[in-house]
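S.K.: coordinates only, sequence not included:
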Ligand SMILES: Cc1ncc(C[n+]2csc(CCOP(=O)(O)OP(=O)(O)O)c2C)c(N)n1
């Protein structure tokens, strides 16, 4: 499905250069390696839990690649590690949420342009609409990019967000990663009407349903959507069809709801392998490049792991200090008690 | 003594809803007489003029000026960018407020009626209340959520609720309620300049009551609208109330005075944070207290107030703190409203229980 009109003017950048394609590959390898490692960290007791994204690298890296961090703002869920990495977010800060150090992460959302990690599914979809409307009021040209899953698309807030955005012509890109599953429930038991993209028509909003395992298709679709929203034409919905290859989270057991055969059939082509074949076929990269990319990913993972392991718990006083901008006497009293009774004085 | 209070109170309160006598709550200083609706409207007008980042939105608050006309004329004056109608979706309104706050605005959303805050609870509790914490203070939520609150207007179901305990229980939210036009003007102006989310509970039964508003100063002593306020000085007992119940308590105090009972009325104003110091000061003086609220009894704010008093005044208290409240029933329809909302009789009974208390 593609109901997005082609842009008359070319804010939309041209085809990806070979350097950009190589960069996309390096990003996907970094994300794949960090993601796989994070599961291992959980097994090793370094972090208590993690939401993996194996198989969704193209959807995340490709969409994150289209973001202009000087003017756009991204509203993630709990599974957008690949988006964060692509946007250049501090990954120790990002992973700290999974270390249970601080809800939302220790990275700076204002500087990085990535809203805090969000555990309520569809919780931040409306925030994107509000932020985007703020751009309109301020006559700025930023676009809000909001992520959610096929499961989250069942939430009423997604309907409210799409309706608000379309009524107000807010510059929002709704990016659905349809990874086939909402924990144990497959898309056909989750989404009535065939697809999330089909719903956009009801809001008079253009939609693109794309192969979410093809990073080039994802970059191009997201760029088109950004150009559309940025020029004041209102919101766009992208449904990237992909597949969550691993468990929903490190505590999930996918064997209870799908077989290995089903997993293999459903998963389709590996997004990394696909880009690798393309780079090889077009003579844009050789084995040495791939080996370097993997080595860089390993070095990076090691650095992040060291950073994570070095993270102590946050000072308990922050629990009290960060509730409000202007604290309350009751909170101050509770903090004082806590300090005294836990001998933290 | 207390028997005679009850006797005269019962006689005087046959018209329990007739609390129009209590218009003596504005300060004596020279000011303009206006209704609470006008006072709130004026405050919003000034907030828009003073803060270019303030925006007002909700259902019907643009062209119509809101079903209670609190935003009357603001769109015409400040433009449809600053004051606008949204689609009819409370979660949408409150979720959008989060994003606007993230973009540097001071959203002043309106929920049309208290009962319709429920569909937005997720956005209020999980998002507005937590974003400052979650983001370690980098994404403050300066949101002033106006909620026409409480009963007393014989409205249909869900159009009159007392949600203060629910909101006050949520970490990250602050809650305030004005009791008269003067308070409404100053508390709203104050709330709308705070960097944290404030639930502003407007007692809708008081919207049309008039009183004197002195825009130049908040308290007689020039104090800030940040704490509780003694609305009537007294020596024998403190009535603690907020919102529409303040006027009723002042009326009760007048009646009691005829029997020589000198009642102090404390308008709590901030339901979170509660001004514990003002509570303590008042009750240490009077040594007796009754809390009056419209919300159901169980786990209501009266329990919180009573505990704060116990903690600070246990040694001087002459009787346990009493509560006169709504009941643990769904908010009843108009015909039963006067049975549900604390009336003069029930408040006087509460006072009597405290005055007659004998240590066992
Ligand atoms: C409002 C809400 N309800 C339930 C949950 C528990 N939960 C977490 S993830 C999830 C499935 C979400 O599926 P989907 O939106 O497709 O995203 P995916 O996890 O597949 O990326 C559920 C039910 C939640 N986090 N938030």
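M.R.: Noted; the coordinates are in hand. Quick caveat, the model's predicted, so the values are computed rather than measured.

S.K.: what kind of secondary structure is the residue in the stretch 51-200 of chain B positioned nearest to the ligand in?
M.R.: Distances between the stretch 51-200 of chain B and the ligand by C-beta to the nearest ligand atom are smallest at residue B:122, namely 7.3 Å. C-beta coordinates here come from the backbone N, C-alpha and C atoms, glycine included. Secondary structure state of residue B:122, per DSSP: H, G, I helix; E, B strand; the rest coil, is helix.

S.K.: what does residue A:314 give?
M.R.: coil.

S.K.: What separation is there between it and residue A:41?
M.R.: 19 Å (C-beta to C-beta, to the nearest Å).

S.K.: same check, this time on residue B:318
M.R.: Taking C-beta to C-beta as the measure, residue B:318 falls 62 Å from residue A:41.

S.K.: More neighbours: which of those two?
M.R.: residue A:41 (23 against 15; other C-beta atoms under 10 Å in any protein chain shown).

S.K.: What strand or helix carries that one?
M.R.: Element membership for residue A:41, per DSSP states H and E: helix A:18-43.

S.K.: Off-centre distance for that helix?
M.R.: Computed by C-alpha atoms, centre = their mean, to the nearest Å, the chain-centroid distance of helix A:18-43 equals 14 Å.

S.K.: Skip ahead from that helix and say which helix or strand is next.
M.R.: Immediately after helix A:18-43, counting by DSSP H and E, sits helix A:57-65.

S.K.: In three-state terms, label residue A:238 for me.
M.R.: strand.

S.K.: and it, how many neighbours?
M.R.: The local packing of residue A:238 (other C-beta under 10 Å) involves 27 other residues.

S.K.: what's the answer for the one 3 residues further on, then?
M.R.: Under the neighbour criterion other C-beta under 10 Å, residue A:241 is assigned a count of 21.

S.K.: give me the beta-bridge partners of it?
M.R.: residue A:178, residue A:211 (DSSP bridges).

S.K.: related to what we said a few turns ago, could you check the distance from the residue of the stretch 51-200 of chain B closest to the ligand over to residue A:104?
M.R.: To residue A:104, residue B:122 is 16 Å away according to C-beta to C-beta.

S.K.: Contact partners for the closest residue to chain A within the stretch 201-350 of chain B?
M.R.: Relative to chain A, the nearest point of the stretch 201-350 of chain B is residue B:273 (3.6 Å; C-beta to the nearest C-beta). Residue B:273 makes contact with A:328-331, B:174 under the criterion C-beta atoms under 8 Å, 6 or more residues apart in numbering or on different chains.

S.K.: Select from the residues you listed the one having the most neighbours.
M.R.: So for these (other C-beta under 10 Å), the most neighbours sit at residue B:174, 23 neighbours.

S.K.: hang on, it packs against residue B:197?
M.R.: Yes: Residue B:174 is within contact range of residue B:197, at 6.7 Å (criterion: C-beta atoms under 8 Å).

S.K.: Give me the common contacts of these two.
M.R.: Here residue B:174 and residue B:197 share no contacting residue, scored by C-beta under 8 Å, 6+ apart.

S.K.: List the buried residues of stretch B:220-232.
M.R.: For stretch B:220-232, burial by neighbour count (16 or more other C-beta atoms under 10 Å in any protein chain shown) applies to B:225, B:227-232.

S.K.: which one of the residues you listed is nearest residue B:308?
M.R.: Among these, residue B:228 lies closest to residue B:308 (C-beta to C-beta), at 11.0 Å.

S.K.: quick one: that closest one from residue B:268, how far?
M.R.: Distance, residue B:228 to residue B:268, using C-beta to C-beta: 5 Å.

S.K.: Repeat that for residue A:93.
M.R.: Distance from residue A:93 to residue B:268, by C-beta to C-beta: 41 Å.

S.K.: same question, residue A:315
M.R.: Counting by C-beta to C-beta, the gap from residue A:315 to residue B:268 is 33 Å.

S.K.: what about the two, which has more around it?
M.R.: Counted by other C-beta under 10 Å, residue A:315 and residue B:268 do not tie: residue B:268 has more neighbours, with 26 against 9.

S.K.: Surely that one is in contact with residue B:305?
M.R.: Yes: contact criterion C-beta under 8 Å: residue B:268 and residue B:305 qualify, at 7.2 Å.

S.K.: any weak-confidence spans in the chain?
M.R.: All of this refers to chain A. A:8-13, A:343-345 (pLDDT under 70).

S.K.: oops, chain B please
M.R.: Counting by pLDDT under 70, chain B has low-confidence residues at B:1-30.

S.K.: how about stretch B:190-202: buried residues?
M.R.: Buried-residue list, stretch B:190-202, by 16+ other C-beta under 10 Å: B:190-192, B:194, B:196-202.

S.K.: Next step: these restricted to helices.
M.R.: Among the buried residues of stretch B:190-202, the members falling in helices (DSSP state H) are B:190-191.
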